[in-house]
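# Sequence and predicted structure below; questions after.
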Amino acid sequence: MFGFGKNQIHAIGVDINRDGLRLAQLAEHGRDMNLLAGRLQERPNRIEMGTPSWQHWAVDTIKEVVGHAGFKGKKVTAAVAPTDVLVDNLKLPKVSDEKMEEALFSRLKTQFHYGGTPEDTLLKCFPTEQDNAILIAVPRAVIDSHLAVFVKSGVEVNTISVWPEALINCYVRFFGRRKSDLNAVVMLVNADEDCVNIVICRHRKLLYARTIPIGASSLVDENSINRLVLEVTGCRREFSSLYVNTPITRLIFMSGPVLDTSIYAAIAKQMEVQAQIGDCLVAVEVAEPLYETLDRRDHHVSWATAFGLSLS
């Protein structure tokens with residue numbers, strides 16, 4: 001009646017990217033959502049991601065940040081970098097359950113020239129709607145490398161998630177709270193330095209996901225911006241070919257101020273749907289001391305994945 005409720009501190013979301021590590025922890029106090037702690041640690045240029053040097057750097061960074069940056073507890077939910085995850089949108093093969101993994105793996109090899117084997121690949125297939133599915137494949141070596149980092153950092157891993165799920169968590173909590181959002185089909189666009197991630201969902205239900213290998217650092221002229229616009233509209237065409245009579249009714253730019261608003265406007269014009277900039281950082285309360293380590297005016301960082309992981 002008065003808005004009082006049980007306080008809840010969520011896990012620490014660890015967003016692993018090519019440009020570094022983003023850690024965020026959200027806490028609910030009644031009806032309010034607060035950013036309890038947050039930290040961006042940029043990867044040193046001399047260290048290549050995935051190498052032993054990167055592992056040592058990541059271990060030291062997580063240990064230092066979790067221990068001294070205001071985070072509560074040591075439970076973390078993390079996601080593999082989008083560039084290390086293979087995502088395929090497809091019609092479910094008409095084969096028996098016993099033959100399904102073989103059929104899916106054969107598709108990876110023919111469509112994406114994937115060189116891994118079933119033994120060294122984590123393969124997950126998520127049925128969606130209209131006999132469609134999303135296939136997600138991650139090399140087990142990448143998962144093992146991440147788990148080793150967390151073990152050596154002394155934190156407790158809730159789960160290793162995937163970026164589409166994290167973006168949906170963020171959308172549902174901050175931008176999909178109306179009754180009309182429950183059945184609306186929405187495209188989420190999240191830009192990072194090295195890629196742009198696309199999710200199409202019906203509220204919590206993932207329908208489509210794709211990583212576009214054009215990031216904020218690549219958008220240097222009109223030609224590169226036009227390429228991004230074409231790639232995003234290409235995702236809409238592919239989605240329409242898989243999901244008949246399922247129009248996208250809303251477009252949300254989850255990365256907030258990462259890209260110039262003129263780029264968002266160009267994408268929205270081509271999509272011809274209702275669009276908005278959804279900056280999750282302005283949707284939460286931020287404790288005063290955080291302003292010293294977290295610049296809300298930073299135009300190069302999206303917190304959507306880290307927030308969504310914390311909410312997992």
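In hand now; what should we look at? Residues are numbered from 1 along each chain as shown.

# in this protein, which ranges drop under the pLDDT threshold?
1-6, 288-299 (pLDDT under 70).

# Point me to the helix or strand that includes Asn34.
Using DSSP states H and E, Asn34 sits in strand 32-42.

# List the contacts of that strand.
9, 12, 19-28, 61, 65, 69-72, 173-174, 281, 283-287, 290, 293-294, 298, 301, 303, 306 (CB atoms under 8 Å, 6 or more residues apart in numbering). The C-beta positions use only the backbone N, C-alpha and C, and glycine is treated the same way.

# try it again with 6 Å
For strand 32-42, contacts defined as CB atoms under 6 Å, 6 or more residues apart in numbering pick out 20-27, 61, 65, 69-71, 284-286, 294, 301.

# cool, and stretch 149-164?
Counting by CB under 6 Å, 6+ apart, 11, 55, 58-59, 62-63, 66, 74-79, 82, 136, 197, 199, 206, 209, 305, 309, 312 sit against stretch 149-164.

# switch to 8 Å and redo it
Residues from elsewhere that reach stretch 149-164, judged by CB under 8 Å, 6+ apart: 11-12, 55, 58-59, 62-63, 66, 74-80, 82, 85, 87, 134, 136, 138, 143, 146-147, 197, 199, 206, 209, 305, 309, 312.

# Would you mark the buried spots in that stretch?
If you call a residue buried by 16 or more other CB atoms under 10 Å, then stretch 149-164 has these buried ones: 149-150, 153, 155, 157-158, 160-164.

# Among those residues, which lie within helices?
Among those, DSSP state H puts 149-150, 153, 163-164 in helices.

# Just give me the closest of these to Ser218.
Trp163 (18.8 Å; CB to CB).

# Work out for me the element Leu123 sits within.
strand 121-127.

# circling back to that earlier point, which of the contacts of stretch 149-164 count as buried?
For these, a burial check counting by 16+ other CB under 10 Å picks out 11-12, 55, 58-59, 62, 66, 74, 76-80, 82, 85, 87, 134, 136, 138, 146, 197, 199, 206, 209, 305, 309, 312.

# Out of those, which sit inside helices?
Those of those mapping onto helices are 55, 58-59, 62, 66, 146, 305, 309, per DSSP H.

# What separation do you get for Thr246 and Phe239?
8 Å (CB to CB, to the nearest Å).

# how far does the longest helix anywhere in the chain sit from the chain's center?
If each helix of the chain is counted by residues according to DSSP H, the longest one is helix 222-242. The chain centre lies 19 Å from the centre of helix 222-242; the measure is CA atoms, centre = their mean, to the nearest Å.

# Can you lay out the ones in helices among the buried ones among the contacts of stretch 149-164 as a markdown table showing distance to Arg250?
Formatted as a markdown table, these follow (distance: CB to CB, whole Å):
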| residue | distance to Arg250 |
| --- | --- |
| Gln55 | 40 |
| Ala58 | 36 |
| Val59 | 41 |
| Ile62 | 36 |
| Val66 | 36 |
| His146 | 33 |
| Thr305 | 20 |
| Leu309 | 23 |
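
# before we move on, the earlier item: same question for the strand holding Asn34: list its buried residues.
For strand 32-42, the buried set under the neighbour-count rule, 16+ other CB under 10 Å, comprises 33-41.

# Kind regards, and thank you for your time.
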